[in-house]
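1. please work out how this folds:
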Amino acid sequence: MYAPKIDKFFNTAGPGIPEDHYLLDPLRRIDYDEVRVLINQKRYFVLHAPRQTGKTTSLLAMVKRINDEGIYNCVYVNVESAQTARNDVTTGVKTILSRLESAIKRILALSIPDIESIRNKDEGGSMLIEALESFCARHDKPLVLFFDEIDSLVGDTLVSVLRQLRDAYTNRPRFAPISVILCGVRDIRDYRIHRSDGEIITGGSCFNIKAKSLRLGDFSKSDVRELYLQHTEATGQTFEDDIYQKVWELTRGQPWLVNALANQATWEMLGGRNRNNSITLDIMEEAANQLIISRATHLDQLADKLKEPRVRSVLEAVIAGDNWTVKPLQDDIEYVIDLGLLRNEDSDYIISNGVYREVLPRELSWVMQVGMTSQPKQLRYVEQDGKINIKRLLREFQQFFRENSESWLERFDYKEAGFQLLLQAFLQRIVNGGGTINREYALGRGRVDLLIRWRYPKNVARENQTEQRVLLELKTIIEKKSIDRVLSEGLEQTERYAGQSNSTEVHLIICDERRGKKWNEKIYERSEKVGDFEINIWGI
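-> Residues are numbered from 1 along each chain as shown. Modelled structure (predicted):
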């Protein structure tokens, strides 16, 4: 079939196609030698990675390489289409058989003997193992099988597939695949399978033959530069050197984000389409802002994960800083890391990258932002010289919180982070269109840092604007904590971060959540000189 030749572009949807997309070697982020050893050892194992990290592209590259080596028959099967079968095992397994049959025909130019008689038995609990046995028995080359999106299966169908593969394991390689690689977002240990009879079982109990779990890595800093230089080589359009550190801060090498930022800067933004224009730091920052506001599909999928109880237990603690009453389970923390939402840095669990740090609280406070239609708009807080009056804003937030906190906080699913999210919603409505909020928080760090970056005056060229940098340090007082201790810690932390962030204005905001405290005790405003900074202290 003829397809017109097109200029290459940054891929943000589906597997990478070398003819169409800027693409790095799909196997460089996988230890292929380790995969090959596991296959030679006849192992069944797991390869997992967060969504849209290039997993499918890498799997297809591995399938091609294994087949090119000529020792094994290797096929890739995406089983996601069987998701809708849920607890209907026969329908689900039949769907998987159709995908398996198609893959064997397309990739190997072979067929599954007796496939129709197997399918007509209507015995979902044995169809898959019988089909694999029929194929393996008739071909000399052992079969290597990649099952992608395995964790998209639901309920009884997933249990049946895992158990049939486990039963086949003892018959390898003559009557079963020599190696099966289960691929998905999560490690199989994190599967919580709800059966139709109400029983909840774990993936590990269904598939206790797993030899190892491998994780697909993100791009490195040098990978990001190499990918972007492919665009320069193809079009002549350059990326200024200072954008690379910013891209790294925003993405930490998450492949979809790396591609999406470049696509936004070089195509979605009209100025970037002119290949004579270099991609500057200002353009890249604006591309990130547009991407965040757009709530693109990838980011929308992340937001859907926030509803899961296991995710909520972890992220609620992260966003709350030190205001959490039940410490998250380590298994739940590892699960959120597997989803790509969290990473471990110097023993701190922090949000994975700069874009996610912006997206997650915005998503969690979106209903609040929309619902604040009666609250004052941006112009009320902007001075004649264009600077934003943070003190006026915080005084009005104190009053708003006093009058509305009880009813508004009840609307949050993330109630223990309610104060932090409500303040961010209040600020976001004011800052939108004139600045950005950089957020820093980590599990157990004991604080939340917000850095407002506001450019002024408006309606002049960016290079002629000044940046107002306002640090807001958020802390809470819960039961069994004293105000003196929280204030002492807060002032020390605020002074330290103010220096690091080159802030021009510094505020420490303390929310007193101890029972029995009256509003007149909780609401106050004062300042203290600490080091080189005048720190404004706000009680809420």
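
2. name the nearest residue to E521, sequence neighbours excluded.
-> D512 (7.5 Å; C-beta to C-beta, 6 or more residues apart in numbering). C-betas here are computed from N, CA, C, even on glycine.

3. roughly how far out does the helix or strand containing V355 sit from the chain middle?
-> According to DSSP states H and E, V355 maps onto helix 354-364. Helix 354-364 sits 10 Å away from the centroid of its parent chain (C-alpha atoms, centre = their mean, to the nearest Å).

4. pull up the gap between the residue nearest to E521 and L471, please.
-> 21 Å (C-beta to C-beta, to the nearest Å).

5. just N120 next, same as before
-> 69 Å.

6. of the two, which one has the most company?
-> Taking neighbours as other C-beta atoms under 10 Å, N120 and L471 compare with L471 leading, 26 against 9.

7. my guess is the more buried one is in a strand, correct?
-> Yes - counting by DSSP: H, G, I helix; E, B strand; the rest coil, L471 is found in a strand.

8. shaky segments in the protein?
-> Filtered on pLDDT under 70, the chain yields the residue ranges 1-5, 192-206, 296-297, 321-327, 366-379, 408-413, 415-416, 432-434, 442-447.

9. not counting sequence-adjacent ones, nearest residue to I390?
-> Distances taken as C-beta to C-beta, 6+ apart place V470 nearest to I390, at 5.2 Å, with adjacent residues excluded.

10. now for the one you found: which residues touch it?
-> By C-beta atoms under 8 Å, 6 or more residues apart in numbering, the residues touching V470 are 388, 390, 451-452, 454, 503-507.

11. reformat these as JSON lines; add distance to S488 and secondary structure.
-> Putting the contacts of V470 into JSON lines (distance: C-beta to C-beta, whole Å; DSSP: H, G, I helix; E, B strand; the rest coil) gives the following:
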{"residue": "I388", "distance to S488": "29", "secondary structure": "strand"}
{"residue": "I390", "distance to S488": "23", "secondary structure": "helix"}
{"residue": "L451", "distance to S488": "22", "secondary structure": "strand"}
{"residue": "I452", "distance to S488": "25", "secondary structure": "strand"}
{"residue": "W454", "distance to S488": "30", "secondary structure": "strand"}
{"residue": "S503", "distance to S488": "20", "secondary structure": "coil"}
{"residue": "T504", "distance to S488": "24", "secondary structure": "coil"}
{"residue": "E505", "distance to S488": "22", "secondary structure": "strand"}
{"residue": "V506", "distance to S488": "16", "secondary structure": "strand"}
{"residue": "H507", "distance to S488": "17", "secondary structure": "strand"}
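
12. what subset of these is buried?
-> By neighbour count, with 16 or more other C-beta atoms under 10 Å, the contacts of V470 hold 388, 390, 451-452, 454, 503, 505-507 as buried.

13. of those residues, just say which sits nearest to P113.
-> L451 (64.8 Å; C-beta to C-beta).

14. so the closest one touches R469, yeah?
-> Yes - between L451 and R469 there is a contact under C-beta atoms under 8 Å: 6.5 Å.

15. what residues are shared contacts of the two?
-> Shared contacts of L451 and R469 (C-beta under 8 Å, 6+ apart): 501, 503.

16. domains in this protein, as residue ranges please.
-> For the chain, automatic domain parsing gives the domain ranges 32-215, 221-294, 326-539.

17. how about these in JSON lines, adding distance to S313?
-> Below are the domains of the chain laid out as JSON lines (distance: least, C-beta to C-beta, whole Å):
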{"stretch": "domain 32-215", "distance to S313": "14"}
{"stretch": "domain 221-294", "distance to S313": "23"}
{"stretch": "domain 326-539", "distance to S313": "5"}
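
18. once you drop chain neighbours, what's closest to E525?
-> Spatial nearest neighbour of E525, chain neighbours left out: W538 (5.7 Å); criterion: C-beta to C-beta, 6+ apart.

19. show me what the helix or strand encompassing that neighbour packs onto, helices and strands only.
-> W538 belongs to strand 533-539 when assigned by DSSP H and E. Strand 533-539 sits against helix 390-409, helix 483-501, strand 505-512, strand 524-530, with contacts defined as 3 or more C-beta pairs under 8 Å, 6 or more residues apart in numbering; DSSP states H and E.
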